[in-house]
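Participant: Have a look at this prediction, sequence included:
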Amino acid sequence: MALPPSPTAGVRDDDPAMSAQPIDDLSAELFQITAALRARLDWMRHGGVDGCPVPVQRPARSAQPQARSGPVADLPRSGAKAPQRPASVHPNAPVEPTWSAPSPDDPAALARAAVEQTSRMAARSQTAAPRSPVRSEAASTATTESPSGIVYPELASLPSGADGLRIIREVIGDCRRCNLCHGRNQLVFGEGHPEPWLAFIGEGPGADEDRTGLPFVGAAGDLLSKMIKAMGEHAHKLGFAELGTRLSREQVYIANVVKCRPPGNRTPEADEIAACGGFVRAQLAVLRPRVIVALGRTPTQFLLQNAAPLGRLRGQFGSWQGVPVMPTYHPAYLLRTPSAKGQVWDDLKLVILKLAELANLMPSGPSA
Ligand code: SF4
């Protein structure tokens with residue numbers, strides 16, 4: 001399709017028609033052009049970039065906004081015009097510009113700022129971090145967050161043993177710090193000797209634990225009890241009589257990374273571990289066990305801060321704050337996979353030798 005000719009095509013400066021145009025008309029046109037340019041510069045000064053609207057300045061709200069849920073949650077309300085974002089911008093990136101506006105009298109600076117703004121938005125869309133875990137009550141009562149979770153300042157300096165455990169239980173209270181509180185029947189704190197040589201850390205309570213409030217009951221708990229008993233008997237056989245007396249269900253301590261049952265026994269979410277992990281860390285700090293056994297992937301990765309598969313980590317000691325940690329399979333896994341029992345027994349025998357070494361025990365000769 002042929003384009004219409006430019007209105008000034010073929011017009012020369014000395015064209016009589018030009019000189020015949022009234023000067024007032026030219027002034028009015030110039031005024032309109034100037035006004036349009038000023039409006040555009042003003043738009044750019046407030047953050048306008050081609051393809052992006054000037055951000056909508058919302059008035060501050062005094063109350064928390066009502067959460068919108070359901071299939072229409074993300075659709076604009078009827079009659080309201082939803083702010084448009086370029087497709088390359090991360091959906092959680094704030095709309096507000098973060099650059100300081102240059103002088104409106106400097107068009108070159110405005111143009112530079114517009115280019116910089118566009119570059120920043122593109123870079124942000126490429127490097128935007130994943131959405132932060134949901135922060136709950138835990139965030140309002142804690143002041144810092146370590147790589148392994150929220151740090152509760154009230155648990156920073158505790159007496160060892162039973163007194164420390166009692167304070168931790170009081171701080172936990174009727175905990176609502178993460179979403180797991182909604183489905184629990186009972187919070188499962190942990191149980192055992194307040195000054196154990198050995199501590200077992202699992203992932204979280206199951207149905208039986210949620211019902212009784214005790215860790216490792218039911219079929220997996222029974223198997224763990226048998227494993228501990230076998231360790232004690234093996235220590236006796238090796239001639240470590242004192243160690244043998246320390247390896248019974250009553251003499252060790254047992255707890256989980258999260259204290260409330262995840263629905264359907266699912267793996268705890270990262271924000272739930274972050275909220276609850278500070279409590280088991282505090283428990284271990286006051287218990288001061290000589291060795292920790294991490295039962296399963298979640299406690300292993302939590303204590304060692306190592307995302308490697310459990311199959312690669314088990315069978316060799318890691319360290320949690322200087323305490324040797326032996327990762328091994330969870331008893332519930334052994335119930336499903338009995339062929340792995342030999343590997344777990346190998347791991348537990350290493351734990352017995354480590355405990356004997358740390359206690360400077362000398363074999364007194366195998367007992368009958
Ligand atoms: S799992 Fe832990 S942080 Fe979450 S509600 Fe239970 S005790 Fe509180």
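Facilitator: Received the coordinates, thanks. Numbering: from 1, shown residues only.

Participant: Which other helices and strands does the strand or helix carrying Tyr333 contact?
Facilitator: Using DSSP states H and E, Tyr333 sits in helix 331-336. In terms of contacts (3 or more CB pairs under 8 Å, 6 or more residues apart in numbering; DSSP states H and E), helix 331-336 is packed against helix 218-237. (C-beta placed from N, C-alpha, C; glycine too.)

Participant: any idea of the mean pLDDT for the helix it packs on?
Facilitator: For helix 218-237, mean pLDDT is 98.

Participant: contacting residues around that helix?
Facilitator: For helix 218-237, the external contacting residues (CB atoms under 8 Å, 6 or more residues apart in numbering) are 200, 206-209, 215-216, 241, 243-249, 252, 254, 295, 330-332, 334-335, 344-345, 348-349, 351-352, 355-356, 366-367.

Participant: And for stretch 311-324?
Facilitator: 284-285, 289-292, 300, 303-304, 306, 325-329, 343, 346-347, 350, 354, 358.

Participant: In PyMOL, how would I select just the buried ones from the residues you listed?
Facilitator: Command for PyMOL, covering only those of these found buried under the criterion 16 or more other CB atoms under 10 Å:
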select buried, resi 284+285+289+290+291+292+300+303+304+325+326+327+328+329+343+347+350+354
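
Participant: Filter the contacts of stretch 311-324 down to the ones in strands?
Facilitator: 291-292, 325-328 (DSSP state E).

Participant: what's the spacing between Glu191 and Phe200?
Facilitator: Applying CB to CB, to the nearest Å, the value for Glu191 to Phe200 is 11 Å.

Participant: who touches both of those two?
Facilitator: Common contacts of Glu191 and Phe200 (CB under 8 Å, 6+ apart): 253-255.

Participant: residues contacting Lys259?
Facilitator: Counting by CB under 8 Å, 6+ apart, Lys259 has contacts 172, 175, 187-190, 204-205, 276, 279-280.

Participant: Swap in 7 Å and give it another go.
Facilitator: Listed by CB atoms under 7 Å, 6 or more residues apart in numbering, the contact set of Lys259 reads 172, 187-189, 276, 279.

Participant: What about the ligand: which of those residues touch it?
Facilitator: 172, 187, 276 (CB under 6 Å from any ligand atom).

Participant: Format these as CSV; extra columns: neighbour count.
Facilitator: Formatted as CSV, these follow (neighbours: other CB atoms under 10 Å):
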residue, neighbour count
Ile172, 18
Leu187, 21
Cys276, 27
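
Participant: Narrow those residues to those in strands?
Facilitator: Per DSSP E, these never map to strands.

Participant: Turn these into CSV, columns for pLDDT.
Facilitator: Shown next, in CSV, are the ones next to the ligand among the contacts of Lys259 (pLDDT from 0 to 100):
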residue, pLDDT
Ile172, 98
Leu187, 98
Cys276, 98
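
Participant: just curious, which of those is nearest to the ligand?
Facilitator: Closest to the ligand out of the ones next to the ligand among the contacts of Lys259 is Cys276 (3.1 Å), distances taken as CB to the nearest ligand atom.

Participant: Report the contact partners of that closest one.
Facilitator: With CB under 7 Å, 6+ apart, Cys276 has these contacts: 178, 257-259.

Participant: which stretches of the stretch 1-150 of the chain have low pLDDT?
Facilitator: Scanning the stretch 1-150 of the chain with the threshold set as pLDDT under 70 gives 1-24, 36-37, 39-148.

Participant: same check, this time on the stretch 201-350 of the chain
Facilitator: Ranges of the stretch 201-350 of the chain meeting pLDDT under 70: none found.

Participant: Write out the residues of it neighbouring the ligand.
Facilitator: So the stretch 201-350 of the chain meets the ligand at 258-260, 272, 275-276 (CB under 6 Å from any ligand atom).

Participant: any residues touching the helix holding Tyr333, and which ones?
Facilitator: So helix 331-336 is contacted by 219-220, 223-224, 295-296, 340-341, 344 (CB under 7 Å, 6+ apart).

Participant: Among those residues, name the buried ones.
Facilitator: For the contacts of helix 331-336, buried by 16+ other CB under 10 Å: 220, 223-224, 295-296, 340, 344.

Participant: Tell me how many other residues crowd Pro153.
Facilitator: Look at Pro153: counted by other CB atoms under 10 Å, it has 11 neighbours.

Participant: roughly how far apart are it and Val171?
Facilitator: 10 Å.

Participant: same thing with Pro215?
Facilitator: 19 Å.

Participant: what does Thr212 give?
Facilitator: 23 Å.

Participant: and if you look at Val258?
Facilitator: Distance from Val258 to Val171, by CB to CB: 16 Å.

Participant: So which of these two has more stuff around it?
Facilitator: Val258 (28 against 16).

Participant: what ranges do the helices span in this protein?
Facilitator: Here the chain has its helices, by DSSP state H, at 16-20, 23-45, 107-127, 137-141, 161-172, 207-212, 218-237, 241-246, 270-287, 297-304, 310-313, 331-336, 341-358.

Participant: Figure out which of these is closest to Gly264.
Facilitator: Closest to Gly264 of the helices of the chain is helix 207-212 (CB to CB; 9.6 Å).
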